[in-house]
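S.K.: Dropping the sequence and predicted coords here.
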Amino acid sequence: MPATSKPNYFWSILTMKCPRCRRGPMFKNSNPWKLRKVFDMPVSCPKCRQPYELEPGFWYGTAYVSYALSVALSVSTFVAWYVLIGMSTQDNRFFFWLGINVFLLIFLQPWLMRLSRVIYLYFFVKYDPDYKSNKQEEVKQD
């Protein structure tokens with residue numbers, strides 16, 4: 001990708017890139033299913049030096065975003081199930097959907113938790129096309 005082009009907003013969120021430059025990775029490990037390292041993040045973006053934790057306790061707000069993502073996933077699977085298979089009081093289709101939905105929520109939870117961190121940080125940090133000339137303060141790496 002050329003350095004002068006503006007990275008796509010939604011693609012940057014889905015690929016979990018820094019909100020300021022949309023180029024640096026937000027997580028040290030790209031695989032969210034390595035559960036011991038699911039939240040391993042650098043202190044700041046390796047490209048633009050944007051600090052990821054803006055204040056102590058910053059990430060507590062991601063619980064609301066994660067909840068909204070889980071509800072959106074549940075509603076979308078319900079609508080898809082209703083349109084494709086249908087619901088009935090005569091059989092157990094609702095419980096089959098419920099079981100599949102629970103499985104999806106558990107399986108996708110590491111990815112949803114990471115995605116909620118990315119979306120939450122995007123609320124507070126805006127894209128800076130001149131991030132190279134607008135230097136960020138150095139953050140001590142631990």
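M.R.: Everything's here; your move. Numbers count the residues shown, from 1 in each chain.
S.K.: which one is the most centrally placed residue in the chain nearest to, not counting chain neighbours?
M.R.: Geometric centre of the chain, nearest residue: L115, 1.0 Å, by C-alpha atoms, centre = their mean. Nearest residue to L115 in three dimensions, chain neighbours excluded: L69, at 6.4 Å (C-beta to C-beta, 6 or more residues apart in numbering). (Glycine included, C-beta is placed from N, CA and C.)
S.K.: R114 is in contact with the one you found, correct?
M.R.: No - in this structure, L69 is not within contact of R114 by C-beta atoms under 8 Å, at 10.6 Å.
S.K.: Please tell me how far the spatially most distant residue from the centre of the chain sits from L84.
M.R.: In the chain, the residue that sits farthest from the middle, by C-alpha atoms, centre = their mean, is Q90; the gap is 38.9 Å. For Q90, the distance to L84 equals 18 Å [C-beta to C-beta, to the nearest Å].
S.K.: quick one: contacts for the residue nearest to the centre of the chain?
M.R.: Counting by C-beta atoms under 8 Å, 6 or more residues apart in numbering, L115 makes contact with I13, L14, M16, L69.
S.K.: Point me to the helix or strand that includes the residue nearest to the second one when sequence neighbours are not counted.
M.R.: Beyond its immediate neighbours in the sequence, the residue positioned closest to L14 (C-beta to C-beta, 6+ apart) is L115, lying 7.8 Å away. Secondary structure assigned from DSSP states H and E places L115 in helix 93-124.
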